[in-house]
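Participant: sequence and computational prediction follow.
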Amino acid sequence: MSAGSPRLEELIGEAQRVLAICNACRYCEGYCATFPALERRLEFTESDVHYLANLCHNCGACLYACQYAPPHEFAVSLPQALAMVTATPARTVGLNDRGCIAEGLRADLVRVERHEGVPIVRAVWREGRRVA
């Protein structure tokens, strides 16, 4: 990691700050799976932050609707805060080909849909290639 890059602890702290603001506001509660999971917590441990970061698919809908997004002094950007948490550990250990979903990067993904409350695997990608 280059000098001047934020450490994971700092990114976790920023994510915890943003999550606390979002949890107090609750304006975006219907936007994605992140918000129902967020609302079940009063505090956000590092494990909670990682869990919530994996639920966020970085669509940006909450950011565009957020009354606390920049230029507001709170500067809330939930997608950015959570994306940094997932990308930084990979870069820290030299795994520059992963940590986020983007063209040209390695990705292991599972697409799941619910049918009558039962999760059903619809597709699987390994190392960026669909395998099922």
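Facilitator: Structure received.

Participant: ok, Arg40 to Arg129 distance?
Facilitator: As defined by CB to CB, to the nearest Å, Arg40 lies at a distance of 35 Å from Arg129. The way it works is simple: take the backbone N, C-alpha and C, and place the C-beta from them, glycine included.

Participant: how about Leu38?
Facilitator: 32 Å.

Participant: quick one: which of these two has more around it?
Facilitator: Neighbour count, other CB atoms under 10 Å: between Leu38 and Arg129, Leu38 has more, with 23 against 9.

Participant: any stretches of the chain with poor pLDDT?
Facilitator: Counting by pLDDT under 70, the chain shows low-confidence ranges at 1-6, 89, 92.

Participant: which residues of it fall in strands?
Facilitator: Under the criterion DSSP state E, strands of the chain are mapped to 109-115, 118-126, 129-130.

Participant: helices and strands around the longest one, which ones?
Facilitator: Secondary-structure packing of strand 118-126 (3 or more CB pairs under 8 Å, 6 or more residues apart in numbering; DSSP states H and E): strand 109-115.

Participant: all good on my end, thank you.
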